[in-house]
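> Structural data only, the sequence is not supplied:
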Ligand code: KIV
Ligand code: ZN
């Protein structure tokens with residue numbers, strides 16, 4: 001019997017800690033639902049004590065998302081653990097995940113505590129959490145830079161205190177696969193009560209080794225892997241869920257393990273994460289990159305035509321890639337659009353379909369073929385939940401190599417239309433400046449990118465940007481066949497997100 005590895009998804013917690021990756025409540029809820037469709041075992045939904053918004057999103061997910069265990073993070077502090085419990089308790093299956101640093105650096109510089117004091121904190125926190133919840137995970141933060149004998153003592157003590165999962169994080173992405181394997185084997189050989197718990201691993205990608213290190217831990221006996229979709233997370237990110245899952249599945253011959261993940265949902269989940277965070281997926285990214293299953297060299301194409309397996313170790317459809325094109329045109333009916341959406345795994349209400357169809361017709365008037373990616377984009381925009389505080393009424397730009405780029409923008413807010421114009425070092429810059437003048441907000445543009453959603457000269461351009469207002473950062477996204485308009489709409493999307501946040505505060 002293959003061993004079943006628990007897939008613990010932390011996209012909503014560690015993933016959301018990526019600088020600039022913050023999602024709003026409805027996006028977090030939509031992503032949590034999609035993670036449930038992906039059939040991960042555990043969703044780490046956030047860090048409830050860290051902010052009222054995090055508390056609200058974890059408790060909303062706990063109330064509304066069915067299937068996976070819903071977990072929250074807490075330091076080894078009673079008020080953290082209480083807040084975590086209050087947020088996760090609504091889920092039929094919930095987990096408290098408490099952590100404390102165990103490496104000499106963490107003890108001396110961050111916590112200023114002795115090894116025995118930290119061990120006591122860990123034990124007390126696990127006992128406190130167990131009084132509230134049967135499912136308690138403990139993480140020895142920076143475990144891979146912790147002295148082995150001390151790590152052993154901590155692991156034994158927290159199991160004794162009732163930890164049902166013990167996580168060995170490589171917090172700074174420092175380890176290498178064979179050291180990880182030796183560490184996990186050492187724990188299995190030297191912790192007498194280790195069989196009473198599940199050993200977990202949580203690897204960061206600072207040296208690009210997070211997936212290899214996680215798999216090495218599985219090989220040594222770890223029963224849970226913590227990972228994120230697209231590998232997003234602190235600094236260089238976490239181990240990527242799709243790579244872990246597909247490695248275990250494709251090389252079941254060497255690992256002898258399975259997961260419960262519904263792999264055909266992988267591409268859809270990856271697109272959702274990329275869209276919500278504004279972090280594009282690099283084309284050569286394993287499994288979910290646009291080129292992951294494309295063959296360029298003639299010799300490869302020839303081989304694949306003869307037998308896909310000559311140059312392919314996985315089938316694109318198994319991870320949710322579809323190469324079909326919606327061949328409907330401007331005169332096509334709503335039924336066909338709904339049918340294609342259902343094929344892609346989306347269920348929409350009649351009301352949402354009305355809006356999707358309206359946008360579909362607008363796009364079909366401008367574009368010859370509507371690809372699945374276009375349809376998904378239409379769907380995301382039509383069902384977007386960012387309230388339109390400001391809406392774009394019109395945009396006019398002039399630019400060229402012998403003229404000063406200028407933009408004239410008309411925006412509407414609560415029925416009132418305001419207009420202004422500005423110059424910039426290009427039409428996009430000019431449009432952003434004109435928007436700033438109307439809204440009275442001055443935003444710092446941290447990052448801006450434009451990508452073509454599908455192929456062809458008539459392709460839709462999607463603009464994604466990150467803006468900052470003081471300490472507050474957000475993402476803005478929009479798409480249009482006119483890239484300057486897409487950029488202005490993305491900027492306005494970011495403005496609206498910030499204004500909605502102000503209203504919630
Ligand atoms: O990287 C880390 O150590 C963490 C812990 C909180 C598990 O994210
Ligand atoms: Zn982490």
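Sure thing, it's come through. Nothing here was measured: the structure is a model prediction, and the numbers come from that model. Ligands and ions are numbered 1, 2, ... in the order given.

> which element follows the helix or strand where residue 54 lies toward the C-terminus?
Counting by DSSP states H and E, the element that carries residue 54 is helix 52-64. Per DSSP H and E, the first helix or strand lying C-terminal to helix 52-64 is strand 69-75.

> helices and strands around that next one, which ones?
strand 42-46, helix 52-64, helix 78-88, strand 94-101, helix 115-130 (3 or more Cβ pairs under 8 Å, 6 or more residues apart in numbering; DSSP states H and E). For the C-beta atoms, the positions are set from N, CA and C on the backbone; glycine is no exception.

> what's the closest non-adjacent residue to residue 68?
Leaving aside its chain neighbours, residue 68 sits nearest to residue 43 (4.8 Å; criterion: Cβ to Cβ, 6 or more residues apart in numbering).

> doesn't residue 36 make contact with that neighbour?
Yes. Between residue 43 and residue 36 there is a contact at 7.3 Å, judged by Cβ atoms under 8 Å.

> higher neighbour count, these two?
residue 43 (31 against 20; other Cβ atoms under 10 Å).

> list the contacts for that one?
By Cβ atoms under 8 Å, 6 or more residues apart in numbering, the contact set of residue 43 is 9, 12, 32, 35, 36, 61, 65, 68, 69, 70, 71.

> for the fifth one, helix, strand, or coil?
Assigned with DSSP: H, G, I helix; E, B strand; the rest coil, residue 36 falls in the helix class.

> element containing the nearest residue to residue 422 once chain neighbours are set aside?
Setting aside the residues directly before and after it, residue 422 is nearest to residue 433 in space (Cβ to Cβ, 6+ apart), at 3.7 Å. In this structure, residue 433 sits in helix 427-439 according to DSSP H and E.

> what helices or strands is that helix leaning on?
Identification of packing neighbours for helix 427-439 by 3+ Cβ pairs under 8 Å, 6+ apart yields strand 391-398, strand 406-413, strand 416-423, helix 483-504.

> Relative to ligand 1, which of the ones you listed is closest?
Closest of the helices and strands packed on helix 427-439 to ligand 1 is helix 483-504, at 24.9 Å (criterion: Cβ to the nearest ligand atom).

> per the record, what domains does the protein have?
Each domain of the chain is listed here as a residue range: 3-277, 293-319, 326-383, 391-504, per automatic domain parsing.

> and those, which is most packed in?
Per residue and on average, the most neighbours among the domains of the chain fall to domain 3-277, with a mean of 21 (mean count of other Cβ atoms under 10 Å).

> I'd like the average pLDDT over that domain.
The predicted model assigns domain 3-277 a mean pLDDT of 97.

> What helix or strand is the residue in the stretch 1-150 of the chain that ligand 1 sits nearest to located in?
Distances between the stretch 1-150 of the chain and ligand 1 by Cβ to the nearest ligand atom are smallest at residue 139, namely 3.9 Å. Assessed by DSSP H and E, residue 139 sits inside strand 136-141.

> got the angle between that strand and strand 94-101?
On the basis of axes from the mean of the first three to the mean of the last three Cα atoms, to 10 degrees, strand 136-141 is oriented at 20 degrees to strand 94-101.

> Just checking the distance from strand 136-141 to the centre of its chain.
Relative to its parent chain, strand 136-141 has a centroid offset of 22 Å by Cα atoms, centre = their mean, to the nearest Å.

> and the following helix or strand past it, does that touch ligand 1?
Remark: after strand 136-141, the chain's next helix or strand is helix 148-161, criterion DSSP H and E. No. Helix 148-161 is not in contact with ligand 1 by Cβ under 6 Å from any ligand atom; minimum separation 13.2 Å.

> following helix 148-161, which helix or strand shows up next?
Sequence order places strand 165-170 as the next helix or strand after helix 148-161, per DSSP H and E.

> Now do that following strand: everything it contacts.
Outside of strand 165-170, the residues within contact range by Cβ under 8 Å, 6+ apart are 6, 95, 97, 99, 135-144, 151, 155, 158-159, 180, 183-184, 187, 197-204, 210, 213, 217, 222, 224, 226.

> ok, what's across the strand from the residue in the stretch 351-500 of the chain that ligand 1 sits nearest to?
Of all residues in the stretch 351-500 of the chain, residue 473 sits closest to ligand 1, at 20.3 Å by Cβ to the nearest ligand atom. Note on residue 473: beta-bridge partners by DSSP bridges are residue 468.

> From what I see, it and residue 447 are in contact.
No. Applying Cβ under 8 Å as the test, residue 473 and residue 447 come out as separate, 9.9 Å apart.
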